[in-house]
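**Student:** Pasting the sequence and the predicted coordinates here, then a few questions.
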Amino acid sequence: MIARMSKVAVVGPKRLAGETLAVIQQLGALHIEEHEATSAVPAEAGEAPFHPAPPDENLLTRRAFYEGLLVRVNDMLECLPEVASRLPQLAPTVVIHSLHEVTDRHLRQWKEWCAAGDKLRSEISQLTRRQELITRLNGLVERHPVEGELRLAVELTDEAQWAAWQEVLLGQGDRITLARKTVKGGAEVAVLALPAAEKNAVLEWLATLAIPGGEQPLLLDPQALRLAWESGSKLLGDLSGRLTLLEERRATFAGRWRGIYLVAHDWLHAQLALLAAQTDLYETELCFWLFGWLPSPELPRLREALMQRFAGQVVVEEQEIREHDLARVPIVLRNPGYFQPFELLVRLLPIPAYTSFDLTPFLAIFFPLFFGMMLGDMGYGFILLVIALITIPAARQRPLLVDAAKILGVCAVYTVIFGFLFGELFGAVGRRFFHLPHWIDRHGSIVPMLYFALSVGFIHIGLGLALGMVAAFRQGEKRAGLFKLGSIVLLCLMALIFFSFRVERLAMLTTPLLMVLGVLLPLLIFTGGFMAPLEVLQTIGNIISYARIMAIGLTSVLLAYVANRIAGAIGSIWVGVLVASLLHALNIVLGVFAPTVHSLRLHYVEFLGKFMAMGGRKFAPLGKS
Amino acid sequence: MEAKVLMGFAAALAMGLSALATGWAQSRIGAAGAGALAEKPELTATVIILVAIPETMVILGFVIAAMILML
């Protein structure tokens, strides 16, 4: 439901303005806004006796200081990993001044550590690859090497390196020969063979080469490879030790400072919100004024809090909500426990206008109903229920996930109920093996299910039109209200005419009903304008759109049927069970996704358009953030 | 017999053409939606709903096909 709101003015001595805002912030219930006289809506009561409080240089300086510090604190918090950290017991003002001194140094230090860590990790990665290559190069060492010949090997990471080696060795004639080989693990290497007598000269020459991305070749000799591997291992151990030390230092730092930065972050946000609220203050020579909105049940709490703190020096006056205020009222949704999780789905939409309806109760009733009608399988329902029941306690820290799991739980219950009505447990398994009774056979009753889905659509759209009629009359738009009423009557008439064609006993009603329809159409054009017939046609299209309830339900049951048939066609019982499980798992995933999207769509597109007026403002009370 | 063949053909056309139309519309909406999501990931739910909207066409096609074959 949309909570009833009160429009209030808070008045008190000018010197108490700051403290009053602090009390209001503590309460977190008042949405402060500029007075209507200075906003786009013109005031009817004439010129206001107060004026906006002039900007205070001290406040502006503090604001600039806090904003600058908040940017740096945010930068630091982005760097620090989420480690367990004790919150400081120091006063926030002390923390803030300390942080102002050290934040830049901390940021610099952290960046240095990050750069050093990245460098170490890169070196370790390169060295690890080299060590792996050395191990693999052992396979290239020949048992009976050619007398007087030395062989060197270097890894090729791309074709360009191979081309570069070929080009470099082109000018060396037959002195150095080049071959390409693949070692164990698939790595490509270039093998250089050269006279042993020229070892030193060639090695010196190779050291001067600059092959892009290439490393120095390794001597293909067991002893040389062992020495290279040992020195590499030693260096690797040294680098790993340095990296561990660095990580420990970073973790210690994060554990010590993250809590302090978090406290500072929250405090700075609260202070900036308070300073921002000061710009909405008005004043006379002696008093301050501030205006805003709060849910009506919160009004006594605000009065009591101000009375306790200021002993009647600051008062709250409830003001009359006039017609032009209605577009400015911030919206608060207050729903009972069962409905609350469904606010998650309503938040995907724009905020409803104050004079309109909250969609939450309707979604909470019809969304699980449609979901259950589409999926309708006891087995799937039980599985979804178990998933929901596991997720709710496991995701306590994530309220959005808890709400989603609660919605899934309710949908699962409806799925079980409709599964019982359809006699479906993992498709036809329930009927075949457990002889489950069934009242409706979805698989074989396509046309009756189509009529059922259209009937549901008729009721749902009819409810939407009725709500639209109520909303129109409430806002004094009588013609719009009459048009909605006419549309409902017209839909009923068309349904009766349809039945009069289908049911022989009602055939005599066809002509009178058609005559009433003929009379009603001009009335509809009178109330709804020349576009009225088109709107009625659109409404009929909307009702037919509910056929998707049957269509998606049919795909669900057919997929389950196919899963069981495929599993049954496999000779082995265990393989059959495995295949059936996989196919049913796929069907459950599809069965959750499609009904969710289509149930939402039926609400958002078909149902909601009949009565909802959007354009409400978000309720943003002065709080700590 | 000839009438039955024609009815089957009509039902197939109703279903097939509406499915093609839905697929084409969803491809356009999907591409635009993916672009929107790259800039505003918070629009995920809205984009999913938008992608589902053209499915009305195939649903209507299915209803027509069912009516042709079964009524």
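**Tutor:** Sure, I can see it.

**Student:** ok, which residues in chain B are in contact with chain A?
**Tutor:** Within reach of chain A by C-beta under 8 Å from any C-beta of the partner chain, chain B has these residues: B:45-46, B:48-49, B:52-53, B:55-56, B:59-60, B:62-63, B:66, B:70-71. Heads up, the C-betas are built off the backbone N, CA and C, glycines and all.

**Student:** Just say helix, strand or coil for the residue nearest to the spatial centre of chain A.
**Tutor:** Residue closest to the average C-alpha location in chain A (C-alpha atoms, centre = their mean): residue A:400, at 8.6 Å. Residue A:400 falls in the helix class when you classify it by DSSP: H, G, I helix; E, B strand; the rest coil.

**Student:** Count the neighbours of residue 17 for me.
**Tutor:** Assuming you mean chain A. 22 (other C-beta atoms under 10 Å in any protein chain shown).

**Student:** um, chain B though
**Tutor:** The number of residues packed near residue B:17 is 13, by other C-beta under 10 Å.

**Student:** From residue B:10, how far off is it?
**Tutor:** The gap separating residue B:17 from residue B:10 is 11 Å, by C-beta to C-beta, to the nearest Å.

**Student:** Provide a list of residues in contact with the residue lying closest to residue B:17 once chain neighbours are set aside.
**Tutor:** Spatially, and ignoring its direct neighbours in sequence, residue B:17 is nearest to residue B:61 (6.9 Å; C-beta to C-beta, 6 or more residues apart in numbering or on different chains). Contacts for residue B:61 were tallied using C-beta atoms under 8 Å, 6 or more residues apart in numbering or on different chains; they are B:14, B:15, B:16, B:17, B:18, B:19.

**Student:** Let me know the closest of those to chain A.
**Tutor:** Of all the contacts of residue B:61, residue B:15 has the smallest distance to chain A: 10.9 Å, by C-beta to the nearest C-beta.

**Student:** What values do phi and psi take at the closest one?
**Tutor:** phi -70, psi -50 (degrees, to the nearest 10).

**Student:** What's the first helix or strand after the worst-scoring helix or strand of chain B on mean pLDDT?
**Tutor:** Using mean pLDDT, DSSP states H and E, the weakest-scoring helix or strand in chain B turns out to be helix B:44-52, at a mean of 78. Once helix B:44-52 ends, the next helix or strand along the chain (criterion: DSSP states H and E) is helix B:55-70.

**Student:** where's that next one relative to the chain centroid, distance-wise?
**Tutor:** When C-alpha coordinates are averaged (C-alpha atoms, centre = their mean, to the nearest Å), helix B:55-70 and its chain have centres 10 Å apart.

**Student:** now swap in stretch B:42-56 and tell me
**Tutor:** Worked out by C-alpha atoms, centre = their mean, stretch B:42-56 lies 13 Å from the chain centre.

**Student:** Also stretch A:204-222?
**Tutor:** Centroid separation for stretch A:204-222 versus its chain: 52 Å, with C-alpha atoms, centre = their mean.

**Student:** what's in contact with that stretch?
**Tutor:** Looking at stretch A:204-222 with C-beta under 8 Å, 6+ apart, the contacting residues turn out to be A:130, A:133-134, A:137-138, A:140-142, A:150-155, A:157-158, A:160-161, A:164-165, A:168, A:190-192, A:224-225, A:228.

**Student:** now, which of those residues lie within strands?
**Tutor:** Assignment to strands by DSSP state E places the following of the contacts of stretch A:204-222 there: A:150, A:151, A:152, A:153, A:154, A:155, A:190, A:191, A:192.

**Student:** TSV for those residues, including neighbour count, distance to chain B and pLDDT?
**Tutor:** TSV is the format used below for the ones in strands among the contacts of stretch A:204-222 (neighbours: other C-beta atoms under 10 Å in any protein chain shown; distance: C-beta to the nearest C-beta, whole Å; pLDDT from 0 to 100):
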residue	neighbour count	distance to chain B	pLDDT
A:150	21	56	78
A:151	21	52	81
A:152	22	49	81
A:153	23	46	82
A:154	19	42	80
A:155	21	38	79
A:190	22	43	82
A:191	18	48	83
A:192	21	49	80
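
**Student:** What is the nearest of those residues to residue A:563?
**Tutor:** Comparing the ones in strands among the contacts of stretch A:204-222 against residue A:563 with C-beta to C-beta picks out residue A:155 as the nearest, at 50.0 Å.

**Student:** which other helices and strands contact the helix or strand containing residue A:419?
**Tutor:** Secondary-structure assignment from DSSP H and E places residue A:419 in helix A:399-422. Packed against helix A:399-422 by the contact rule (3 or more C-beta pairs under 8 Å, 6 or more residues apart in numbering or on different chains; DSSP states H and E) you find helix A:343-346, helix A:360-375, helix A:378-394, helix A:573-601.

**Student:** Would you mind checking which helix or strand in chain A has the lowest mean pLDDT?
**Tutor:** Sorting the helices and strands of chain A by mean pLDDT, DSSP H and E puts helix A:199-208 at the bottom, at a mean of 75.

**Student:** how about it: buried residues?
**Tutor:** Residues of helix A:199-208 classed as buried under the neighbour-count rule (16 or more other C-beta atoms under 10 Å in any protein chain shown) are A:202, A:206.

**Student:** and after it, which helix or strand comes next?
**Tutor:** The element immediately downstream of helix A:199-208 (helix or strand, assigned by DSSP H and E) is strand A:218-219.

**Student:** Neighbouring strands - and their directions - for that next one?
**Tutor:** Using DSSP bridges, the strands paired with strand A:218-219 are strand A:149-156 (antiparallel).

**Student:** CA atoms only for the strand it pairs with, dumped as PDB, please.
**Tutor:** Once side chains and other backbone atoms are set aside, the C-alpha atoms of strand A:149-156 remain, and they are given as PDB (Å, rounded to 0.1, in the frame of the first residue of the first chain):
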ATOM      1  CA  GLU A 149      78.700 -29.700 -31.500                       C
ATOM      2  CA  LEU A 150      76.800 -27.700 -29.000                       C
ATOM      3  CA  ARG A 151      73.000 -27.300 -29.000                       C
ATOM      4  CA  LEU A 152      71.000 -24.500 -27.600                       C
ATOM      5  CA  ALA A 153      67.200 -24.100 -27.200                       C
ATOM      6  CA  VAL A 154      64.800 -21.200 -26.800                       C
ATOM      7  CA  GLU A 155      61.000 -21.200 -26.400                       C
ATOM      8  CA  LEU A 156      59.000 -19.800 -29.200                       C
END
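
**Student:** Retrieve the pLDDT associated with the closest residue to residue A:439 other than its chain neighbours.
**Tutor:** With C-beta to C-beta, 6+ apart as the criterion, residue A:439 has its nearest non-adjacent residue at 5.1 Å, and that residue is residue A:421. The predicted local confidence for residue A:421 comes out at a pLDDT of 89.

**Student:** quick one on the thing from earlier: quick one: closest of the helices and strands packed on helix A:399-422 to residue A:500.
**Tutor:** Go through these one by one with C-beta to C-beta and the one that ends up closest to residue A:500 is helix A:360-375, at 27.6 Å.

**Student:** Now do the lengthiest helix in chain A: distance to the chain's middle.
**Tutor:** When every helix of chain A is counted residue by residue (DSSP state H), the longest turns out to be helix A:222-278. The gap between where helix A:222-278 is centred and where its chain is centred comes out at 29 Å by C-alpha atoms, centre = their mean.

**Student:** Beyond that helix, next helix or strand please.
**Tutor:** Criterion used, DSSP H and E; the element after helix A:222-278 is strand A:282-283.

**Student:** if we can go back for a sec, doesn't residue A:344 make contact with the residue nearest to the centre of chain A?
**Tutor:** Yes: with contact defined as C-beta atoms under 8 Å, residue A:400 reaches residue A:344; the gap is 6.6 Å.
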